[in-house]
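Asks: model the following, please.
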Amino acid sequence: MRITAHIDTEMRAASRSWLGLLVGSSRSSPPYLTKRPQTHQCVRVLSRASESESPSKTESAEFNGERFLRAANKKNLVATTRAAFQVAKRRIMGEVKEPKWSLPLEMTVEIMSATLPNILDPRLIKLYRQGDAETRSQVEAALEILTNQLDTAAASVPCAPGVSRENVKVGTLDAAWFTPDELSPASETSFEDDPNPVVLYFHGGAYLTASINTHTRLTSTLAKEAQARILSVKYRLAPMAHFDEILADAVASYDHLLASGVPPERIIVAGDSAGGEPAPPPG
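Replies: Sure thing, here's the model as predicted:
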């Protein structure tokens with residue numbers, strides 16, 4: 001089953017800015033249950049990093065999570081200030097990136113675009129894959145704090161008007177239902193008898209960062225435009241999780257919907273950027 005929905009200016013613009021929406025329709029047996037998916041470009045990058053020359057003992061020993069965080073936070077402060085200044089300057093000049101964007105939304109998109117490069121440092125992947133136990137521990141702690149900072153910053157972004165959010169668990173994974181006001185909340189719905197489609201959504205973020213919160217506006221807008229309930233899942237992230245484990249989270253989320261009574265023909269799997277990898281291809 002496939003839903004064709006109008007995605008308004010706000011959603012298309014967000015996709016152009018730092019996302020690439022990839023939406024596919026599911027079958028009774030989705031492709032990722034029966035065949036190995038093609039490797040995402042990001043995974044190829046991670047693979048090349050793991051196969052490259054190992055970091056020297058000096059390089060591993062010199063890495064310090066606290067120093068890295070201080071440097072990243074300093075860069076992010078500068079980047080955030082510049083991004084906020086650019087948005088304010090545009091607004092004063094009577095210019096807006098997208099006519100339907102509110103000031104908080106435009107500010108959030110601009111700041112995320114400016115600060116993500118300071119979090120997605122390829123050096124961290126190389127050190128984590130090939131460093132000693134202490135280095136791996138330092139990298140893990142640094143990435144966790146940085147991604148939590150991004151998640152916290154995005155927590156203030158509201159849902160699109162006319163959409164509610166309900167935080168839930170999918171096994172051990174955090175997840176959230178986004179439901180348009182025209183439909184009953186997921187917790188009050190008997191999916192066996194409900195004719196409406198359900199979208200299983202995986203956020204982007206290069207497999208390294210982002211979350212349900214960073215994609216709240218995009219996901220809730222999609223729920224409103226498609227008039228469908230959306231289950232957005234916070235899957236495990238690299239480098240602590242390998243791609244096979246990330247894919248396993250996607251499969252477990254699909255199984256969760258089946259166990260909840262959603263017929264397979266009413267499940268649509270969607271995602272943006274890296275989150276598009278578990279989604280079956282269109283057609």
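
Asks: let me know the helix or strand that Ala83 is in.
Replies: helix 65-92 (DSSP states H and E).

Asks: quick check: mean pLDDT of that helix?
Replies: The average pLDDT within helix 65-92 is 87.

Asks: how about that helix: buried residues?
Replies: Buried positions in helix 65-92, judged by neighbour count with 16 or more other Cβ atoms under 10 Å: Gly65, Phe68, Leu69, Ala72, Asn73, Asn76, Ala79, Thr80, Ala83, Gln86, Val87. Backbone N, C-alpha and C define where each C-beta goes, glycine included.

Asks: Ser164 looks like it's in a strand, true?
Replies: Yes: membership of Ser164 in a strand is supported by DSSP: H, G, I helix; E, B strand; the rest coil.

Asks: ok, what's across the strand from it?
Replies: Using DSSP bridges, the beta-bridge partners of Ser164 come out as Thr179.

Asks: roughly how far apart are it and Ser102?
Replies: Taking Cβ to Cβ, to the nearest Å as the measure, Ser164 falls 18 Å from Ser102.

Asks: how about the strands in the stretch 1-150 of the chain?
Replies: Assigned by DSSP state E, counting those that start in this stretch, the strands in the stretch 1-150 of the chain fall at 21-25.

Asks: ignoring the adjacent residues along the chain, who's closest to the residue most central in space within the chain?
Replies: The centroid of the chain falls nearest to His203 when counting by Cα atoms, centre = their mean (2.5 Å). Excluding its sequence neighbours, the residue lying closest to His203 (Cβ to Cβ, 6 or more residues apart in numbering) is His215, at 4.3 Å.

Asks: which SS state does the one you found fall under?
Replies: Counting by three-state DSSP, the backbone at His215 sits in helix.

Asks: show the pLDDT at it.
Replies: In this model, His215 carries a pLDDT of 92.

Asks: now Ala252. Nearest residue, chain neighbours left out?
Replies: Closest to Ala252 by Cβ to Cβ, 6+ apart is Gly171, at 5.7 Å.

Asks: backbone phi and psi for the one you found, please?
Replies: Main-chain dihedrals, Gly171, degrees, to the nearest 10: phi 70, psi -120.

Asks: count of residues packed around it?
Replies: Number of residues near Gly171 (other Cβ atoms under 10 Å) recorded here: 11.

Asks: same question for Glu144.
Replies: Look at Glu144: counted by other Cβ under 10 Å, it has 13 neighbours.

Asks: likewise for Gly275?
Replies: The local packing of Gly275 (other Cβ under 10 Å) involves 28 other residues.

Asks: ditto for Ala155
Replies: Neighbour tally, Ala155, other Cβ under 10 Å: 12.

Asks: same question for Met107.
Replies: 19.

Asks: now it: how far from Ser113?
Replies: When Cβ to Cβ is the yardstick, Met107 and Ser113 sit 11 Å from each other.

Asks: okay, now the unreliable bits of the stretch 1-150 of the chain?
Replies: 1-62, 119-122 (pLDDT under 70).

Asks: what ranges do the helices span in it?
Replies: For the stretch 1-150 of the chain, applying DSSP state H, counting those that start in this stretch gives helices covering 9-18, 31-34, 41-51, 57-62, 65-92, 103-119, 122-130, 133-154.

Asks: before we move on, back to that, so for the residue nearest to Ala252, what's the pLDDT?
Replies: Gly171 is given a pLDDT of 93.

Asks: same thing with Val198?
Replies: Per-residue confidence (pLDDT) for Val198: 96.

Asks: which ones are touching it?
Replies: By Cβ atoms under 8 Å, 6 or more residues apart in numbering, the residues touching Val198 are Phe191, Ala228, Arg229, Ile230, Leu231, Leu257, Val262, Arg266, Ile267, Ile268.

Asks: how about 7 Å then?
Replies: If you count contacts by Cβ atoms under 7 Å, 6 or more residues apart in numbering, Val198 has them with Ala228, Arg229, Leu231, Leu257, Val262, Arg266, Ile267.

Asks: redo those as TSV? Include distance to Thr219, secondary structure and pLDDT.
Replies: Below are those laid out as TSV (distance: Cβ to Cβ, whole Å; DSSP: H, G, I helix; E, B strand; the rest coil; pLDDT from 0 to 100):
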residue	distance to Thr219	secondary structure	pLDDT
Ala228	11	coil	95
Arg229	11	strand	97
Leu231	10	strand	97
Leu257	16	helix	96
Val262	18	coil	95
Arg266	18	helix	94
Ile267	16	strand	94
